[in-house]
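K.L.:
Show me the folded form of this:
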Amino acid sequence: MHVPIKTGLCSYGHSGYVFHAPFIHLHPGFEFTAIVERSKRLAQQRFPDVKVYSSVAEMIEDKSLQLIVVNTPNSTHYEYSKAALMAGKHVIVEKPFTVNTAEGEELIKLAKEKNLMIIVYQNRRYDSDFKIIRRVVEEGLVGDVLEAEFHYDRFKEELSYKKHKEVAQSGTGVLYDLGSHLIDQALQLFGVPKAVFGDVRIIRKDSVVDDYFELILYYDNLRVRLKSSYLVREALPAYILHGRRGSFIKSKSDIQEALLLKGLLPEGADWGAEAPHEWGLLHSEIDGEVVKKYLPSTNGNYMDFYNGVYAALAEGKPNPVTPEQGLDVIRVIEAGFKSSAEGVVVKL
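P.N.:
Model prediction:
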């Protein structure tokens, strides 16, 4: 094992507490060295060895740090990632990678010049529900996929207590937030589409940011529909695949976030295991026989992301989520907004 990678975390809000700190702390390839907390010392209570800084700029100046995790509001991703790269640090930046393609292109160019790595945090690739979807597609269990529909819905009329999420500026709203997950998953399965249609709306009473969207991604023989709404009390299945030989239907059921919110650490063989009643339904034809059965999901585990980061930084393995992939997501988001505003299908 190499010397652990000294890592600094830019925030200890929801994402820091749930998605990053527990994994950096447990992974033997990383040393959870520093964090930014302006007033509270919550991280230090849980991780006593971590050094607390009062600002991101101050932490980035720490010469001992090799990796900075940018898990701050979307509008700051470009600024903090650029500062970390300029200081000679590798960067993990949460989705969305940036709020526009120009910022993303600049960061990619800078990282290459500095011989540093940017890794985009796309944790939903490591959800149990998406893992089984990937398996169904890659193993051709429904034949050639002709139609796919992915949902990420909530029921929440009230505005978020996170004030930065409810400000009308580039990078806020559900298409940048939950849409980044759905688009990344679609691109992982099917590649970059030829064109995009978007319908992006505001439906909550007091909202000034989009909280509803529907995107249609156009491929040669495939249409992918991505939908999210904050006013869905009775949720539809999260994943629907229809292919030449059959269908697969699956709920959104990864349990990791709920466990992490309770303060549990991602340990043990049963971490991220789905309950059998959440398994997806396969109705297809396999080896000439029609089958209708529930498929067990593989356990979800966000540690797989950090395993990939460590392998890339310490062992020269491929970047698990490249900034180019992050940029493709932004291109689809921008096309979705343009399509919605102009009422046209936008070619990519």
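K.L.:
use CA for all of it now, contacts and neighbours both
P.N.:
Fine.
K.L.:
residue boundaries of the strands in the stretch 51-200 of the chain?
P.N.:
Under the criterion DSSP state E, counting those that start in this stretch, strands of the stretch 51-200 of the chain are mapped to 51-53, 67-70, 90-94, 118-121, 145-151, 195-201.
K.L.:
Starting from the second one, tell me which strands it pairs with and how they run.
P.N.:
The one in question is strand 67-70. strand 5-9 (parallel), strand 90-94 (parallel) (DSSP bridges).
K.L.:
Helix or strand next in line after the first one, which one?
P.N.:
Okay, so that is strand 5-9. Where DSSP states H and E defines the elements, the next helix or strand beyond strand 5-9 is helix 14-15.
K.L.:
circling back to that earlier point, please produce TSV containing the strands of the stretch 51-200 of the chain, extended by distance to Asp177 and mean neighbour count.
P.N.:
Output for those, formatted as TSV (distance: least, CA to CA, whole Å; neighbours: other CA atoms under 10 Å):
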stretch	distance to Asp177	mean neighbour count
strand 51-53	27	19
strand 67-70	15	27
strand 90-94	10	24
strand 118-121	13	27
strand 145-151	13	20
strand 195-201	13	22
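K.L.:
So which of those strands is nearest Gly288?
P.N.:
strand 145-151 (18.0 Å; CA to CA).
K.L.:
list the helices and strands that closest one packs on?
P.N.:
Strand 145-151 makes packing contacts with strand 223-229, strand 239-243 when contacts are defined by 3 or more CA pairs under 8 Å, 6 or more residues apart in numbering; DSSP states H and E.
K.L.:
Given that strand, what are its sheet partners and their directions?
P.N.:
Strand 145-151 has these strand partners (DSSP bridges): strand 223-229 (parallel), strand 239-243 (antiparallel).
K.L.:
highest average neighbour count across those strands?
P.N.:
Most buried of these by mean neighbour count (mean count of other CA atoms under 10 Å) is strand 223-229; its value is a mean of 22.
K.L.:
Kindly check the end-to-end length of stretch 186-194 for me.
P.N.:
13 Å (CA to CA, to the nearest Å).
K.L.:
Tell me which residues are up against it.
P.N.:
Arg134, Val137, Leu217, Tyr218, Tyr219, Asp220, Val224, Asp328, Val329, Lys347, Leu348 (CA atoms under 8 Å, 6 or more residues apart in numbering).
K.L.:
where in the stretch 151-300 of the chain is pLDDT low?
P.N.:
Low-confidence segments of the stretch 151-300 of the chain, defined by pLDDT under 70: none present.
K.L.:
Mind doing that once more with 90?
P.N.:
Scanning the stretch 151-300 of the chain for pLDDT under 90 picks out 157-170, 235.
K.L.:
got the residue ranges for the helices in it?
P.N.:
With DSSP state H, counting those that start in this stretch, the ranges of helices along the stretch 151-300 of the chain come out as 174-190, 256-261.
K.L.:
which one of those lies closest to Ser228?
P.N.:
helix 174-190 (7.4 Å).
K.L.:
can you pull the contacts of the residue nearest to Ser15 when sequence neighbours are not counted?
P.N.:
Spatially, and ignoring its direct neighbours in sequence, Ser15 is nearest to Asn71 (6.8 Å; CA to CA, 6 or more residues apart in numbering). Asn71 makes contact with Leu9, Cys10, Ser11, Ser15, Gly16, His77, Val93, Glu94 under the criterion CA under 8 Å, 6+ apart.
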